[in-house]
Every structure is written in structure tokens, then in C-alpha cells.
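Q: no sequence on hand, only this structure:
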């Protein structure tokens, strides 16, 4: 969860949003069960991402979030985003 100190309603909404994202991005959760804790290869991630038609960073992020691999493992497959300010508003 992103927010700290959220009230109960906001925490519930955050959990619901997380659950929705899990189902929407990786609907076949069984595909992630093939990974053994700490022993995930680039080729495995590439295969799963290709089967699901998603970017490789999505299963990597999910595996990191779920504690299957450390956040430093396969981090090169995840994208980085930079937020910019909208001007003129």
C-alpha cells in the first residue's frame, strides 16, 4: 500500500485497488506458481509475460511485491517513470 496513516475507508479502497490490479494484470495466477522462491530467471519471466501479453516488468514487480524475489532481483526488467508537472494549470 502506498499511503501511510490512511483512515479505514481509504485503506479498504487501497486493498480493493490492489486486488483489482492483480486480477487485471495477471489473471492466471497459476502462471506465477511456477516460480520457486529466489530462483526466478529472466527466461521464465519472459515466457510468462509473453503468454499473458504483458510487459516483463509486470510479473517481476508482482514477484517482488509478493516476496518471491528480492526487489533488487531482475530489477532491470522493470520500467522507471518520472512524473512531470503539468504546466499552465
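A: Received the coordinates, thanks. Remember, predicted model here, so these are calculated numbers, not experimental data. Numbers count the residues shown, from 1 in each chain.

Q: not counting the helix or strand where residue 48 lies itself, show me its contacts.
A: Assigned by DSSP states H and E, residue 48 falls within helix 42-52. For helix 42-52, contacts defined as CB atoms under 8 Å, 6 or more residues apart in numbering pick out 26-28, 31-32, 34-35, 55-56, 58-60, 63, 74, 77. C-betas here are computed from N, CA, C, even on glycine.

Q: again, only this time at 7 Å
A: 26, 28, 31, 34, 35, 55, 56, 58, 59, 60, 74, 77 (CB atoms under 7 Å, 6 or more residues apart in numbering).

Q: just give me the longest helix of this structure.
A: helix 8-25 (DSSP state H).

Q: quick check: angle from it to helix 42-52?
A: 90 degrees (axes from the mean of the first three to the mean of the last three CA atoms, to 10 degrees).

Q: pLDDT of helix 8-25, averaged?
A: For helix 8-25, mean pLDDT rounds to 85.
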